[in-house]
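Colleague: turn this into a model:
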Amino acid sequence: MVIKNLIGALGALRAGKRVVVDLMDYWHCNKPYVVFNSLDFYILWRARCVIAWSKAIAGFMRRYLGRRCVAYLPFGVNLALADPLKVGNIFFERFPELSSYVIVGYSGGGEPYHGIDTLMYAFSLLERRRRDVFLVVQTWGGSDRILMLTKRLGLKRVAVLPPAPVFNDPLRLSFLRASSVLVNTASKVPGIYLAERTTTYWYMSAGRPIVAEATPGVRGVLKHGLSALFVPLGDVKSLAKAIEEVIDDSSLARRLGDNARRLAEEEYNWGGKLGRRARVLFSSLFE
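Modeller: Down below sits the predicted model:
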């Protein structure tokens, strides 16, 4: 079960069921706090295992639950169902006027707790310095705020794509592949700060260089200088500088993108190692 609250797990325990608690949605992204009450603790303690979708959250739960079973099972990607490298140039066919620009791409939530403000301010610095950049944003929510920031900052080269109707929407996959650099923002809200956001894995699968605000969640997957460039959380000038560094250094961009893609294929693909890992985990829990 994916848990929004633990009452369902309590009912299953009282019915004599073996319960595995999946913490994927336990922390809502917009809550600036994490709270466990005594009932939560009782259920988590009695569960056969607690699954965390980030190394940071798994570490937190191990400290909280002591020797009880806590398993780390990342979100990952399924490259058989959604692979940005297997779609055509749909993005530039739809938006030919952008083909002459360097695309700075962002895919994810558009609210302040997703860290989008930092990217918008960083791009305002880039836009003043160079005329070859264009920020393209695709978000499932918060586009009104992005448009507001665009107007407030006087940005001229920003495009907001409509939300993807399905997770493997070809336009979305093509957009990720077409980006010259992909930016992974964050905040101190626990649901973002500790999470290995799904955005991270989509970026990796596109094989494009990633610039990421450094958080425990991001550091659980990516390595600075190897599969991404990290910048301090909330540092607008550092973010703008890192984006520009990737744009201007083609060998760095290629190395970061290739390493990120290889990591997605080898470690975080449900059609490969990650899928086998999950089957072994659940077999051990319920045999």
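Colleague: C-alpha from now on. contacts and neighbour counts both.
Modeller: Will do.
Colleague: how about the helices in the stretch 1-150 of the chain?
Modeller: 7-14, 38-46, 55-65, 90-94, 116-129, 143-152 (DSSP state H, counting those that start in this stretch).
Colleague: strands along the stretch 151-287 of the chain, start to end?
Modeller: In the stretch 151-287 of the chain, the strands defined using DSSP state E, counting those that start in this stretch lie at 158-161, 181-184, 210-213, 229-231.
Colleague: and these as TSV, adding mean pLDDT and mean neighbour count?
Modeller: Formatted as TSV, the strands of the stretch 151-287 of the chain follow (pLDDT from 0 to 100; neighbours: other CA atoms under 10 Å):
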stretch	mean pLDDT	mean neighbour count
strand 158-161	96	17
strand 181-184	98	27
strand 210-213	98	26
strand 229-231	98	23
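Colleague: just put the ones you listed in CSV and tack on distance to A195.
Modeller: Shown next, in CSV, are the strands of the stretch 151-287 of the chain (distance: least, CA to CA, whole Å):
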stretch, distance to A195
strand 158-161, 25
strand 181-184, 12
strand 210-213, 12
strand 229-231, 16
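Colleague: closest one to N259 among those?
Modeller: strand 210-213 (10.5 Å; CA to CA).
Colleague: which strands or helices does the closest one pack on?
Modeller: On a contact count with 3 or more CA pairs under 8 Å, 6 or more residues apart in numbering; DSSP states H and E, strand 210-213 meets strand 181-184, strand 229-231, helix 236-248.
Colleague: which of the strands of the stretch 151-287 of the chain sits closest to R94?
Modeller: Nearest to R94 among the strands of the stretch 151-287 of the chain is strand 158-161; the distance by CA to CA comes to 10.9 Å.
Colleague: look up the closest residue to V104, ignoring the ones flanking it.
Modeller: The shortest distance from V104 to any non-neighbouring residue, by CA to CA, 6 or more residues apart in numbering, is to L135 (4.8 Å).
Colleague: for G105, see how far away that neighbour is.
Modeller: 6 Å (CA to CA, to the nearest Å).
Colleague: before we move on, what about L182?
Modeller: With CA to CA as the criterion, L182 and G105 are 5 Å apart.
Colleague: which residues do these two both contact?
Modeller: Shared contacts of L182 and G105, defined by CA atoms under 8 Å, 6 or more residues apart in numbering, are found at L176.
Colleague: any weak-confidence spans in the stretch 1-150 of the chain?
Modeller: Across the stretch 1-150 of the chain, the ranges flagged by pLDDT under 70 are 1-5, 25-29.
Colleague: try it again with 50
Modeller: Low-confidence segments of the stretch 1-150 of the chain (pLDDT under 50): 1-2.
Colleague: any chance of JSON lines for the helices and strands packed on strand 210-213, columns distance to D22?
Modeller: As requested, the helices and strands packed on strand 210-213 are exported to JSON lines (distance: least, CA to CA, whole Å):
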{"stretch": "strand 181-184", "distance to D22": "24"}
{"stretch": "strand 229-231", "distance to D22": "29"}
{"stretch": "helix 236-248", "distance to D22": "33"}
